Each structure stands twice: as structure tokens, then as C-alpha cells.
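Undergrad: Provided below for reference: sequence and predicted model.
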Amino acid sequence: MIPKTYAAVLVAAVLAANACGGGDEPAEETPPPAQAQPDSAAQAEAAQAQAAEEARQRDVMAVMINFDFNRTNIRTDARPILDRKIEVLRANTAYRIRIEGHCDARGTEAYNMNLGTRRANAVRQYLVDQGIAASRIEAVSRGETQPLDRGTTREAFARNRRAEFHITAGAGTTN
């Protein structure tokens, strides 16, 4: 049996000889350092932040505004909502939107289709007056054909008198 100290010295000598290239074999080349890869955690965080911002923008654009009975004027409570939409549209020039004018079930079908068109155009004009290019905005009427509330109460009718907004082109297109 080999004493432990002798074995330790022998192992140390072999390791030292190999480290110094004491063999006949050519020394193994050290590979060049890998090019720095972008920090995947930072990329993931940036992608997550961008997705969150796009979701926020879609939420802003999805908020409806309401109209008074038989009216097309933009209500005072709708202006801040539209102003937030304007901010999103200014920041995203690729966005194209469709404004859909809706009505309650009172009035004839033809009258309500016309009223829905006038409502959508009133909103479109508000956006254009604030500097959004008219070519980015489509205004259509849905009349009374797509009620949110099928009830016949004053509240149900009020919910149905609205303008809806849909992103039709650009990042985060919804339809």
C-alpha cells in the first residue's frame, strides 16, 4: 500500500505536468469568448412592458361613449375619453379605427341608421379637429341592430345610444 502523503505528492506532480503542457500532445486551444448575448431577462421585461402598453392602448380605444336621446353632439363626459383616444392615435400613427354609431330601439330603422351615421361622424369630426387624419378613421352606423341591452327601460335605452371604437389596422389589431 502507498502512503497517503506519497500518493498526494504523485497526484500533484501529474496535475502540474499536465497543466504545464508536459505531454507530447498539443495544448488544447481556448475557444474565443462568446459574443455578448443580449440579456434575455431584459428582453423579456421589455417585451412584457410593450405587451402591457399595447393592452392599455387597446383598453383605452375600447371605451365607448354615450349620447343623449336623439342627439349627436359630443357630451361633456365623453371629451376626456376621446382625448385619451387621441393620445393613443398620436402615439401610434399606424392605427386605423372604425367608429360605430349605435341607437336605441325607438324610432324607425331608417331613422336610426341615419342617426347612427351622424353620431359616428360627429365623433370622427371631433378627432379630426384635434389633428387625427381623417383617412385613419372610418365612421359607420349600426343603428339599432346591435343593442348592448335588450331591455326597454330608460337605462337600457341609454346604454344603447353609444359610439364604439375598433382598431382596424396597426399593432394590436382587434378586428
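TA: Received, thanks.
Undergrad: if I look at the residue nearest to the spatial centre of the chain, how far off is residue 95?
TA: In the chain, the centroid-proximal residue (CA atoms, centre = their mean) is residue 54; its distance is 1.9 Å. In this view, residue 54 and residue 95 are 11 Å apart by CB to CB, to the nearest Å. C-beta: built from backbone N, CA, C; applies to glycine.
Undergrad: what of residue 146?
TA: From residue 146 over to residue 95 (counting by CB to CB), the distance is 23 Å.
Undergrad: beta partners of residue 143?
TA: Counting by DSSP bridges, residue 143 is bridged to residue 102.
Undergrad: shaky segments in this protein?
TA: 1-38, 171-175 (pLDDT under 70).
Undergrad: again, only using 50
TA: Residues of the chain that meet the criterion pLDDT under 50 lie in 1-2, 5-7, 9-11, 14, 22-23, 174.
Undergrad: I'd say residue 106 and residue 158 touch.
TA: No - between residue 106 and residue 158 there is no contact under CB atoms under 8 Å: 11.5 Å.
Undergrad: A helix includes residue 46, no?
TA: Yes - assessed by DSSP: H, G, I helix; E, B strand; the rest coil, residue 46 belongs to a helix.
Undergrad: okay, strands next: where are they in this structure?
TA: Assignment of strands within the chain using DSSP state E yields the ranges 65-66, 96-102, 137-143, 162-169.
Undergrad: tell me the strands beside the first one, with direction?
TA: Strand 65-66 has the following sheet partners, assigned by DSSP bridges: strand 162-169 (antiparallel).
Undergrad: what residues of the strand it pairs with count as buried?
TA: By neighbour count, with 16 or more other CB atoms under 10 Å as the criterion, the buried positions of strand 162-169 are 162-167.
Undergrad: ok, so of these, who is nearest residue 42?
TA: residue 167 (28.4 Å; CB to CB).
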